[in-house]
Structure formats: C-alpha cells, structure tokens
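> show me how the following folds:
(one chain, ligands or ions: 1)
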Amino acid sequence: MSTNLQAARQTETVFRTQDLNIYYGDFLAVKNVSIEIPKNKITAFIGPSGCGKSTVIRCFNRLNDLIKSFHLDGKIFYKEQDLYAADIDPVEVRRQIGMVFQKPNPFPKSIYENIAFGPRLVGYKGDMDELVERSLKQAALWDDVKDKLKAMGTDLSGGQQQRLCIARAIAVQPDVILMDEPCSALDPISTLKVEDLLQELKERYTIVIVTHNMQQASRASDFTAFYNVEANDKGQRTGYIVEYERTEAIFQSPKHQATQEYVSGRFG
Ligand SMILES: Nc1ncnc2c1ncn2[C@@H]1O[C@H](COP(=O)(O)OP(=O)(O)OP(=O)(O)O)[C@@H](O)[C@H]1O
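From the prediction side, this is the model:
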C-alpha cells in the first residue's frame, strides 16, 4: 500500500533481499540472493551473460510481474516493507522505483511531453513547466534542449535520448532509479556524461545499475555485486552472487578467484 511505502522511506537500507530464488516456470534463474542495497549510493551488478542481473533488478520494481511464468520465493524488502505482500500496489511501486532501460525509449512525443506525461498520469498539480525544467536540469539535458522543447524526443541523439529517459524517470519523483545497462547503446562521450550525471543523481536517489562495462562499474559505483552462473545436473544454468562488497574491494582485492578473473577480463 502506498502509505506503507511512504512511511518506509526513512530507513538507510533501501532494498534487502533474503534467500531470494527467482524462477521462470520450473527454471531457477537466480538463487540464494541475500543482499542489502544502501540509500543514496550507486550499486552495480556485474557478471557474465545470463547470470540473472536483469532478473534481480527487475524484481526491485515488480516489472517481472508482467511475465506469466515468473515467480519467486524468499523475500524482498523495500525499506523494510515486504515488496511482494498482497497489499502492495505494483503501479505505486513502479512510480517510486523508476527504471531506465538499455535502449533509449523516449515516447514518440515532444521533449516536453516526454517529461510531463508521467506526472500528469499520477495527478501532479504543481507547475508543470517548472517540473519539466527541473527534471531536464537534473538529467543534464536542459542546456541542450531548452530552446526546442516542442521537438520530438525521438529526434535527439542517442545520448540525449537516454538523458531524456532519465529526466522522464526523475519527473515522477521516484526514490530509486534502476538502470539496466543504460550506456550500452551510447558512444564513449555520452557514456561519460551519463556516468557524471549518476554522481549528481545519487545525492537525491538510490541507484542500482546493471553494467557489462567493468570500467564503468569501477568508476561510477560505490558497491558492486559480482554474479556468476553454474549449471546443475539437468544442465540448467542458475545465477548467484559470488561476492558483494565496496567497489574498490571487488576490483582491487576480491576474495574469490572468479571475481578476480572476471574484473581483470580473464574470465571463461
Ligand atoms: N522472460 C523470461 N522467460 C524465461 N527465461 C528468462 C526470461 N528472462 C530471462 N530469462 C532467463 O533467465 C536467466 C537470467 O537472465 P537475465 O536476463 O536476468 O541475465 P543477465 O545477467 O541480465 O544477462 P545479460 O547480461 O545477457 O543481459 C537467463 O538464463 C535467461 O535466459
């Protein structure tokens, strides 16, 4: 329920998972995930393809609910509220816990409308022009677009489109921003701009980012979870967390050989 979620906004640990197992039908995609995601920090999920990074991040805003075969056991707490309790409204969850995807996906609408759409949908009564400007400024896009707010969002460059998507996520005043490989479709300069932006955004938001880019994880994040995948006797490949630590520990003094090999590019 939204009131529960509001009250829960006070604590310092934003997400806490407990013995989390995630399935698609009979397939156990990720097992035994027990981690805490701290407030106002950037937490990176790294690991080889198919180890379940996206699956876990998508559980944090109940996006997997939209997949029929998806189910989980164990717990995910958002500020100590059971995120999957019967009285939690997934739509409200997704307002508080926003998401930015791999491929920039602005609406086929004006830049202004891309930002205004979400707040209008949730009944925002304040000054919309001010909100649009503030969101674009927070996403470091205002200077690029202030003179063409009526232009189509889809006509911006890829990097600008991704910052527009970040501005759109911010506009509904979320608590958390989840990012699933937000820079993988961007050139190196746009990528660095988004990474700079992340450092500003973490003052206000908690960020969880999935990335394949080791330099990005080491440059931009405060904490890193390294996932790996192992096959069972039926040949099913299940992901799990090998190590979750401060980012410098993961990159400079990992406890596990698999982590060492992955972060130094000698994996597989
Ligand atoms: N909708 C789905 N239905 C069935 N299986 C799925 C679904 N989505 C993901 N999976 C499977 O779950 C496992 C984890 O996938 P996931 O996309 O979470 O991994 P990932 O670590 O994010 O991979 P990548 O780095 O390649 O994006 C994979 O085996 C994948 O095939």
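
> so Ala217 touches Phe223, yeah?
No - the criterion here is Cβ atoms under 8 Å, and Ala217 misses it with Phe223 at 9.9 Å. No exception for glycine: its C-beta is placed from N, CA and C like everyone else's.

> quick one: which of those two has more around it?
Neighbours per residue, other Cβ atoms under 10 Å: of Ala217 and Phe223, the larger number sits with Ala217, 25 against 21.

> got a list of what the residue lying farthest from the centre of the chain touches?
For the chain, the largest distance from the centre (Cα atoms, centre = their mean) belongs to Asp233, which lies 32.4 Å off. Residues counted as contacts of Asp233 (Cβ atoms under 8 Å, 6 or more residues apart in numbering): none.

> quick one, phi psi at the nearest residue to Gln236 once chain neighbours are set aside?
In space, and not counting its chain neighbours, Gln236 is closest to Phe27: 6.0 Å by Cβ to Cβ, 6 or more residues apart in numbering. The phi and psi values for Phe27, taken as degrees, to the nearest 10, are phi -80, psi 120.

> same question for Ala231.
Note on Ala231: backbone dihedrals following degrees, to the nearest 10 are phi -90, psi 140.

> list the contacts of the residue nearest the centre of the chain.
Against the mean C-alpha coordinate of the chain, by Cα atoms, centre = their mean, the closest residue is Leu178 at 1.5 Å. For Leu178, the contact set (Cβ under 8 Å, 6+ apart) comprises Ile57, Arg58, Phe60, Asn61, Ile97, Gly98, Met99, Val100, Ile207, Val208, Ile209.

> which one of those residues is nearest to Ser34?
Phe60 (14.4 Å; Cβ to Cβ).
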